[in-house]
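1. Let's see this in three dimensions:
(chains A and B)
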Amino acid sequence: MQPKGVNPFSNLAENLCEVQDLWVSHIPRPEKPVRIALVSMPAFEPQQYEMKSFYTADPVPNGIRPEDCERSLVALKGDVHKELLAAYKEALTFAVDEYGANIVCVSELGLPHHAIRPLAAAQEFAQNLSVSKNVLIVAGTSHDRRTYYNTGYIYHPEGSWSFHKSLSAAGMGELISAPAKRRVLSIKIFGLRIAVMVCLDIADYATLASVIRARERIDMVLVPCYTEKFDKMLDVAKVASRALRGIVAMVNAHIPNSKCHFARFGTDENPLDEQPFGSRAIVSLFEVDHEALQQERSRKHLRENSHIDWLFGNRDMPSIPPNPPMRQRASRA
Amino acid sequence: MSSSYAVNVAELPSRHPDLEITGAVPVVRRAILAKHEPALNKRQTRHAGSIMKRRWKAGWRGEYIARMAQIADVPADELIIPENEKVRYRFDGETPMVDLPRIRTAAGCAYHFDQRNCCALCVDEFSSKVWSRIGPPEGDAGYRLDGVHDATRRYRQHAIKAAEWFYEQFFELTSQAFEGTERTRDTALLEVTTVGLRVDGDITDAVNDAWLFEDGSANLDNDELCDYLAAAAGVDCDIRELLRKEKQAYWLTVPAVVRARSGVLASRKVLYLSRITGNLMQFIGVGLDDSASGDLANDVALKISRLIAGWV
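-> Numbers count the residues shown, from 1 in each chain, chains lettered A, B, ... in the order given. Have a look, this model is predicted:
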């Protein structure tokens, strides 16, 4: 049985993370459905990378375990970054030119990087493509040794923004730092309101509760991933899409059988089309029709959703407080 | 905080935060209810939508603008229909809707408003509703505090006239779509009037709630709040006096999300009073609006209207 009242965890947890609303003003809503290309970049082979360790304090203060100060970031070996850049350009160009994508989202660690920082050539390419073709590009993320963050970049015709992963995928060897102030970006473009978070962050209750709190103003969440536990993440995506009353799109690196995923109102959806490349990158195409999406979102409260709604704080429902007692009403008359 | 309230504060310790309210944004939504026998089906509603689209393109647009100008008592050339606006047939959940284009006054017009008329055609046991929504144009700073009573009264009169005219016109123009059904107008009317109070800077949930609520109910110790509730209700008496007479009235707390000036999406609660006066079901709401564009009243009014629409 569902507990009564507001979930107290949701009230507190959602204040732990801000949702920053950003607008790309001059791009109107297209007449046709918005086309979204999810770009699954090739996973790194063991011989292509190493996990490089750093310490946030040197020397580590007495009494503190060294591993508590350790950070472990992906460093690509040799010329792997060049192969990655070529695959990146090929996949993004195809997504925009052949699929006519309005929005492109690249998987986690899919932004070409070298010496543990994003490759300027890849960033310039994504920015120029965004400007020349009027496209929103969530350009993937990369580790950055300057900050120890896992940072992603979003390019749009009017500029760019960055976003950061909050949680380390320690099971995969990732040990990162994160900004002290947690923040999720939400972008309004093409008539859609799209939040972006990285991989495990969607499984973090406080972060997700903050997004669900603002669900009136968010239609969709894009989630670049790089995980071997994608099946578990898909379950999270389905629940998250029901709670959001919208779409959660997860883009995994090309780890076998776990390329990308589109959960719409709790239901899986296959891509309209898929294009594999020799580089092992895969581009998957989805469409979002505004009218259908808004109609579905405005459907009346569903009984089977009530536990999920309670989990995230019953945000939509008005509550009826008791009337003030008469003596109180009269006290100031 | 107004000076009159400052006097009261000196007399009685304040239990709510002192806020600088810089303007007010009233939004009035009025609905006329009707039932069809037998109940409408989606084919009929789609037909009605097609007729309205056709009529609009065939010249009814001019008549519509002229009549809206006459109802608002403004020159027709001061009314603007934004380029991207058109007659739309769509679904709000399971309910077919026919939306007419949004219409607004040009900048500099003495009486400024933004209006939309629409019809929710219920295909179940609930009533169809012909809505008229009047509020300030988007981005408008709202009204000076001493003008809120008059502005709300004028919007209310405007919405009443517009809804009455549109109700008759809509069902006359689309009569062909509803052949074989009998329409009966409800004696009851529905009104949702919401006043968004503009405040400088970003406020917190705690400040918002302390100003509007006390012990889980309306903060009737807050004289300013009571004044705005009275303005929204269109009554001349004190809202506490009104509550003593209207035992069936009850409060609702409606959650909303605003885009604060900092760009952060923040949750806010808005206080509504539900009352019945004569044949009118009236919902009056007041909320603190620290949004970037002053759209709290419009957003939350739409939200509660959707909710109420599922009740009647």
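2. how about the strands of the stretch 201-333 of chain A, start to end?
-> Taking DSSP state E, counting those that start in this stretch as the criterion, the stretch 201-333 of chain A carries its strands at A:220-225, A:247-255, A:258-264, A:267-269, A:273-276, A:282-288.
3. right, and those - which one's nearest chain B?
-> strand A:220-225 (13.5 Å; Cβ to the nearest Cβ). Every residue, glycine included, has its C-beta placed from N, CA and C.
4. Quick one: residues contacting B:Leu79.
-> Shown in contact with B:Leu79 (Cβ atoms under 8 Å, 6 or more residues apart in numbering or on different chains): B:65, B:68-69, B:72, B:103-106.
5. same question but for A:Asp219, I mixed them up
-> By Cβ under 8 Å, 6+ apart, the residues touching A:Asp219 are A:192-194, A:246-247, A:288, A:293, A:297.
6. quick revisit: want to try TSV for the strands of the stretch 201-333 of chain A, with mean pLDDT as columns?
-> Conversion of those to TSV gives the following (pLDDT from 0 to 100):
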stretch	mean pLDDT
strand A:220-225	97
strand A:247-255	92
strand A:258-264	84
strand A:267-269	91
strand A:273-276	95
strand A:282-288	96
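7. Check the secondary structure at B:Val123 for me.
-> For B:Val123, the assignment made with DSSP: H, G, I helix; E, B strand; the rest coil gives coil.
8. burial count for the nearest residue to it once chain neighbours are set aside?
-> Excluding the flanking residues, the one nearest B:Val123 by Cβ to Cβ, 6 or more residues apart in numbering or on different chains is B:Leu40, at 5.1 Å. Neighbour count of B:Leu40, defined by other Cβ atoms under 10 Å in any protein chain shown: 21.
9. again with A:Tyr49
-> For A:Tyr49, the count of nearby residues is 15 (other Cβ under 10 Å).
10. Could I get the contacting residues of it?
-> Applying Cβ under 8 Å, 6+ apart to A:Tyr49 gives the contacts A:74-77, A:80.
11. and those residues near chain B, which?
-> Of the residues in the contacts of A:Tyr49, proximity to chain B by Cβ under 8 Å from any Cβ of the partner chain holds for none.
12. Give me the ChimeraX select line for these, limited to the buried ones.
-> Here is the ChimeraX selection string for the buried members of these, based on 16 or more other Cβ atoms under 10 Å in any protein chain shown:
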select /A:74,75,76,80
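13. In chain B, what residue lies closest to chain A?
-> Distance from chain A to each residue of chain B (Cβ to the nearest Cβ) is smallest for B:Leu265, at 3.9 Å.
14. Skip the chain neighbours and tell me the closest residue to that residue.
-> Nearest-residue entry for B:Leu265: A:Ala214, 3.9 Å, with adjacent residues in sequence omitted and distances by Cβ to Cβ, 6+ apart.
15. Over to B:Thr181?
-> Leaving aside its chain neighbours, B:Thr181 sits nearest to B:His36 (4.4 Å; criterion: Cβ to Cβ, 6+ apart).
16. phi, psi of that neighbour?
-> Reported as degrees, to the nearest 10, the phi and psi values for B:His36 are phi -110, psi 140.
17. How about the contacts made by it?
-> Shown in contact with B:His36 (Cβ under 8 Å, 6+ apart): B:128, B:178, B:181-184.
18. Check the residues you listed for burial and list the buried ones.
-> Here, 16+ other Cβ under 10 Å leaves B:128, B:178 buried among the contacts of B:His36.
19. What strand or helix carries the residue in the stretch 1-150 of chain A that chain B sits nearest to?
-> Relative to chain B, the nearest point of the stretch 1-150 of chain A is A:Val19 (4.4 Å; Cβ to the nearest Cβ). Using DSSP states H and E, A:Val19 falls within strand A:17-23.
20. Can you spell out which helices and strands pack onto whichever helix or strand comes after that strand?
-> Per DSSP H and E, the first helix or strand lying C-terminal to strand A:17-23 is strand A:34-40. Strand A:34-40 makes packing contacts with helix A:80-97, strand A:103-106, strand A:247-255, strand A:258-264, strand A:282-288 when contacts are defined by 3 or more Cβ pairs under 8 Å, 6 or more residues apart in numbering or on different chains; DSSP states H and E.
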